[in-house]
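> give me the fold of what follows.
(chains A and B)
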Amino acid sequence: MNLDALTIEFVRDLILRKETTATALTEEFYKKIESDDPKIHAYLTLSKDRAFAKAAEIDGMADRDEELPPMAGVPVAIKDVFMTEGIQTTSGSRILENFVAPYDATAVAKLEAAGAIVLGKLNCDEFAMGSSNENSGYGPVHNPRDLSRVPGGSSGGSAAAVAANMAVATLGSDTGGSIRQPAAFCGVVGLMPTYGRVSRYGLIAFASSLDHVGPLTKTVKDAAIVLQVIAGRDPMDSTSGDVPVPNYVAEIGKPIKGTRVGVPEEYFPAELDGEVKAAVERTIDDLRVAGCEIKRISLPHTRYAIPTYYLVATAEASSNLARFDGVRYAFRAKGAGSLSEMYRKTRDGGFGAEVKRRIMLGTYALSAGYYDAYYRQAQKVRTLLARDFQKAFAEVDVIVTPTTPTAAFKLGEKVDDPVSMYLADIFTVTADLVGIPGVSVPCGSTKDGLPIGVQILGRHFDEATILRVGHVVEHEASRY
Amino acid sequence: MKVSEKDVLYVADLANLELTAQERQRMVKDLNSILDYIDMLGQLDTKDVQPMAEVVTLAAQPTQEEGSQKFGYAMRADEVRPCLTHESAMMNAPDTDGTYFKVPKVIDKSGEVSE
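Modelled structure (predicted):
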């Protein structure tokens, strides 16, 4: 079977027409994983028992000619930051090695309820902190398009698994760009919905005011289908919005004539990679031809987004990660004589270098004497960033930018320079700080064959418009 | 230099980290380089700007309700619901007696809190 051609609707259709079974498809994907993943390392855990049980259930429904749910038999995989009942859930950290989740994250439960087959758990940067997947406690992921390069991060395994046809769709999380940036690096679609559009229940918290749950898929339509399934109010997450879920799938293919597209000058700096710039500008031309009105806009506080992000995110992380103390979950360092010594030895031994760095920065920014200068100042600048977008969205319906300043970089290239690594997220962090939705769609490739992504940002809870525009971009890009 | 090794020790203590001598040196270097970059936030005049801790308010849909009533949906009835069993809540703990989590001794025989 040509796994590359499998989209969500196609899989459901094959099962509906009895051309294959969910069980056969699941077996085929596990074979693919066993043959190809040793060189990519996207998977941390396979959940075969659970996958085959679900596949049998779907096959039973097909046999009895029952109505099949929207993701019937679709092989999916889950970033290891989501709780999956009865399955090891590490968050990419040694401190959670052997931790078995006692319940399912809402997004995971919804995917399964819609008929999806959960193949396993995916590698990621430890606690979703990173832009290259090199911070995983279990070893890095390699970019399937070029094994010497990073897949991006932190949802590196989620992007690589889709790109390498080791899952049809995956779940990721985005706190500063962690869905969109790896999607761009691996040449797949990555959708970060509005803050509160998808429940965070069962997502291991990194920075609670910035964490978003979303899909990585091969097509924009698949992203719409997954969003349709996982979106909505959840009583278990008080920050999930009480906002009706529109029919996202019906938006795909609708005309975009008259859509006002903003192009912010700050996202095209002199140091932007030439090939990335050319591909994104070509996309903007395509949108003009499709009948969009292109407007030059300004988001004047853009350059302050990364420093703001690294204060807000680390402050929240230092608080969220205080729970890992060796008392309740998984790893506890041996040989401590007292409780406080046990805390320290457990955290010292269990956390990796980047996680410690962020806990330290966040603790520093919140500590007496520095709170006003750092944390509070960052929160104020967050307000200024939000105002930039409010002003822009009074004039335009979507904003189009490069997803990343360069295509995928080499493994090891940035590990010794945290600031240069942080700058890989320069075009994605602002949407997280402001809570607006964004999607990265492949829009071409470099002369070396590395994928390039274009980012489409929209208004709060207006995923419909960015998906509609994204679908057109995808269609046009298929020509290049 | 904004952060000295002494500062690193102090902050590590607040964060319940110990850090090896080598990690401390690297941390001094990394924190200073990150804070130098972050310093640009100080250039902005934010005297009259309100801090923003979350985006839910920003993303809230227009409604007739006022103030906190707008977020009435975030409240839930105070009633008993199914929750994790005692057993599943404790199944990942490194040490338990089946009822409680067990930890090293906190107070020694003389009543002193051990460090």
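> and for the lowest-mean-pLDDT helix or strand in chain B, what's in contact with it?
Ranked by mean pLDDT, DSSP states H and E, the weakest helix or strand in chain B is helix B:56-59, scoring a mean of 78. Helix B:56-59 has contacts (C-beta atoms under 8 Å, 6 or more residues apart in numbering or on different chains) with A:194-196, A:239, A:241, A:386, A:434-435, A:460-461, B:52, B:71. Backbone N, C-alpha and C define where each C-beta goes, glycine included.
> would you turn these into CSV with distance to A:Met421 and pLDDT?
Below are those laid out as CSV (distance: C-beta to C-beta, whole Å; pLDDT from 0 to 100):
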residue, distance to A:Met421, pLDDT
A:Thr194, 27, 98
A:Tyr195, 24, 97
A:Gly196, 29, 96
A:Thr239, 29, 93
A:Gly241, 32, 91
A:Ala386, 26, 96
A:Val434, 22, 97
A:Gly435, 24, 97
A:His460, 29, 96
A:Phe461, 32, 96
B:Met52, 26, 92
B:Phe71, 37, 77
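> quick check, nearest of the residues you listed to B:Ala12?
B:Ala12 has its nearest neighbour among the contacts of helix B:56-59 in B:Met52, at 29.4 Å by C-beta to C-beta.
> contact partners for that closest one?
Residues in contact with B:Met52 (C-beta under 8 Å, 6+ apart) are A:379-380, A:382-383, A:386, B:58.
> residue 27 - how many residues pack around it?
Assuming you mean chain A. Counted with other C-beta atoms under 10 Å in any protein chain shown, residues neighbouring A:Glu27 total 15.
> chain B, not that one
Neighbour tally, B:Met27, other C-beta under 10 Å: 24.
> same check, this time on B:Arg76
Neighbours of B:Arg76 (other C-beta under 10 Å): 10.
> any idea how far it is from A:Thr194?
As judged by C-beta to C-beta, to the nearest Å, B:Arg76 and A:Thr194 stand 22 Å apart.
> all helices for chain B, in order.
Applying DSSP state H to chain B gives helices spanning B:5-14, B:21-38, B:56-59, B:86-90.
> and those helices: which comes nearest A:Val189?
For A:Val189, the closest of those is helix B:56-59, at 22.8 Å, according to C-beta to C-beta.
> please export the C-alpha coordinates of the closest one as PDB.
C-alpha atoms of helix B:56-59 as PDB (Å, rounded to 0.1, in the frame of the first residue of the first chain):
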ATOM      1  CA  VAL B  56      -8.800  34.100  28.000                       C
ATOM      2  CA  THR B  57     -10.100  37.600  28.700                       C
ATOM      3  CA  LEU B  58      -8.700  38.800  25.400                       C
ATOM      4  CA  ALA B  59     -10.200  35.900  23.400                       C
END
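> ok, the residue most central in space within chain B - contacts?
By C-alpha atoms, centre = their mean, chain B has its centre lying nearest to B:Ala15, at 9.2 Å. By C-beta under 8 Å, 6+ apart, the contact set of B:Ala15 is A:318, A:347, A:359-360, A:363.
> in space, what's closest to residue 50 - neighbours in sequence excluded?
Just going to use chain A. Spatially, and ignoring its direct neighbours in sequence, A:Arg50 is nearest to A:Val118 (6.0 Å; C-beta to C-beta, 6 or more residues apart in numbering or on different chains).
> please refer instead to chain B.
Among residues not flanking B:Gln50 along the chain, A:Thr383 sits closest, at 5.7 Å (C-beta to C-beta, 6+ apart).
> per-residue pLDDT, that neighbour?
Note on A:Thr383: pLDDT of 97.
> kindly format the C-alpha coordinates of the helix or strand hosting it as CSV.
Secondary structure assignment for A:Thr383, by DSSP states H and E: helix A:377-395. This file holds the C-alpha atoms of helix A:377-395, laid out as CSV (Å, rounded to 0.1, in the frame of the first residue of the first chain):
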residue,chain,number,x,y,z
GLN,A,377,7.8,44.0,32.6
ALA,A,378,7.3,40.9,30.4
GLN,A,379,3.6,40.8,31.2
LYS,A,380,3.3,44.4,30.3
VAL,A,381,5.0,43.9,27.0
ARG,A,382,2.7,41.0,26.4
THR,A,383,-0.1,43.6,26.5
LEU,A,384,1.7,45.7,23.9
LEU,A,385,2.1,42.6,21.6
ALA,A,386,-1.6,41.9,22.0
ARG,A,387,-2.4,45.5,21.0
ASP,A,388,-0.3,45.2,17.9
PHE,A,389,-2.5,42.3,16.7
GLN,A,390,-5.7,44.0,17.7
LYS,A,391,-4.8,46.9,15.6
ALA,A,392,-3.7,44.7,12.7
PHE,A,393,-6.9,42.6,12.8
ALA,A,394,-9.0,45.7,12.5
GLU,A,395,-7.6,46.0,8.9
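> that one to helix B:21-38, inter-axis angle?
If you take axes from the mean of the first three to the mean of the last three C-alpha atoms, to 10 degrees, helix A:377-395 sits at 40 degrees to helix B:21-38.
> A:Pro264 versus the residue nearest to B:Gln50, what's the distance?
Distance, A:Thr383 to A:Pro264, using C-beta to C-beta: 18 Å.
> more neighbours, these two?
Neighbour totals were compared for A:Thr383 and A:Pro264, and A:Pro264 leads with 23 against 17 (other C-beta under 10 Å).
> count of neighbours near residue 74?
As the question left the chain open, I've gone with chain A. Neighbour count for A:Val74, taken as other C-beta under 10 Å: 29.
> that's the other chain; I wanted chain B
Residues near B:Ala74, counting by other C-beta under 10 Å, number 16.
> surely it and A:Gly241 touch.
No: in this structure, B:Ala74 is not within contact of A:Gly241 by C-beta atoms under 8 Å, at 9.6 Å.
> dead centre of chain A: give me the residue that sits there.
Centroid-nearest residue in chain A: A:Ile179, 2.2 Å away (criterion: C-alpha atoms, centre = their mean).
> check what pLDDT it gets.
Per-residue pLDDT puts A:Ile179 at 98.
> for B:Tyr10, same thing?
B:Tyr10 is assigned a pLDDT of 97 by the prediction.
> what about it, distance to chain A?
From B:Tyr10 across to chain A, the span is 8 Å (C-beta to the nearest C-beta, to the nearest Å).
> still on that earlier bit, ok now do the residue nearest to the centre of chain A, which residues does it touch?
Listed by C-beta under 8 Å, 6+ apart, the contact partners of A:Ile179 are A:155, A:158, A:172-173, A:190-192, A:212, A:214-216, A:440.
> same thing but 6 Å
Counting by C-beta atoms under 6 Å, 6 or more residues apart in numbering or on different chains, A:Ile179 touches A:155, A:172, A:190, A:192, A:214.
> just give me the closest of the residues you listed to A:Val141.
Distance to A:Val141 across the contacts of A:Ile179 (C-beta to C-beta) is lowest for A:Ser155, with 9.7 Å.
> nearest spatial neighbour of the closest one, chain-adjacent residues omitted?
A:Gly172 (3.3 Å).
> got phi/psi on the one you found?
Reported as degrees, to the nearest 10, the phi and psi values for A:Gly172 are phi -130, psi 180.
> what about it, distance to B:Met75?
To B:Met75, A:Gly172 is 30 Å away according to C-beta to C-beta.
> higher neighbour count, these two?
Using other C-beta under 10 Å as the criterion, A:Gly172 and B:Met75 rank with A:Gly172 on top: 31 against 10.
> now the strands for the stretch 251-400 of chain A?
Assigned by DSSP state E, counting those that start in this stretch, the stretch 251-400 of chain A shows strands spanning A:260-264, A:293-297, A:398-402.
> which among these is found nearest to chain B?
Checking the strands of the stretch 251-400 of chain A against chain B by C-beta to the nearest C-beta gives strand A:398-402 as the closest, at 16.3 Å.
> kindly export the closest one (C-alpha atoms) in CSV.
Included here for strand A:398-402 are C-alpha records, laid out as CSV according to Å, rounded to 0.1, in the frame of the first residue of the first chain:
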residue,chain,number,x,y,z
VAL,A,398,-5.3,36.9,8.3
ILE,A,399,-1.6,37.6,8.6
VAL,A,400,0.9,35.7,6.5
THR,A,401,4.6,35.3,7.5
PRO,A,402,7.4,32.8,7.2
